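> All I have is the shape, not the residue letters:
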């Protein structure tokens, strides 16, 4: 769907998108709570959808962070070799 040479989004960029989306969801929740008649059904629906959106963003950032750590590699440091005396 995207460009062929596009890089995946960094966790900080995803976090910014998450904040903006969270602000929009909070606005929708407040507006839904104010409207009479809709608030009884609308507030749980907006909260459910908002919770799902937050879980998706959390998993997305976690996967990107794990991919970055795996790409960076793990170095097992030997503390015995680097003692300061």
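Structure's in. What do you need? As the structure is a computational prediction, the values presented were derived from the model and not from experiment.

> what residue ranges in this protein score low on pLDDT?
Residue ranges of the chain with pLDDT under 70: 1-5, 74-85.

> Select the longest helix from it.
helix 39-72 (DSSP state H).

> Identify each buried residue in that helix, please.
42, 46, 50, 57, 60, 61, 64 (16 or more other CB atoms under 10 Å). (Each C-beta comes from the backbone N, C-alpha and C, glycine too.)

> Show the secondary-structure elements that it is packed against.
Contacts defined by 3 or more CB pairs under 8 Å, 6 or more residues apart in numbering; DSSP states H and E place helix 39-72 against helix 11-34.

> quick check, distance from the helix it packs on to the centre of its chain.
12 Å (CA atoms, centre = their mean, to the nearest Å).

> Which strands or helices does it pack on?
helix 39-72.

> angle of the helix it packs on against helix 11-34?
Helix 39-72 and helix 11-34 are oriented at 170 degrees to each other (axes from the mean of the first three to the mean of the last three CA atoms, to 10 degrees).

> nearest residue to residue 9 other than its sequence neighbours?
Nearest non-adjacent residue to residue 9, counting by CB to CB, 6 or more residues apart in numbering: residue 64, 7.2 Å away.

> Next up, the contacts around that neighbour.
Residues in contact with residue 64 (CB atoms under 8 Å, 6 or more residues apart in numbering) are 8, 9, 10, 11, 14.

> Distance check, the third one against residue 16.
In this case it means residue 10. Distance from residue 10 to residue 16, counting by CB to CB, to the nearest Å: 10 Å.

> and what of the second one?
From residue 9 over to residue 16 the distance is 10 Å, taken as CB to CB.

> could you measure the residue nearest to residue 9 against residue 13, distance?
Counting by CB to CB - residue 64 and residue 13 are separated by 10 Å.
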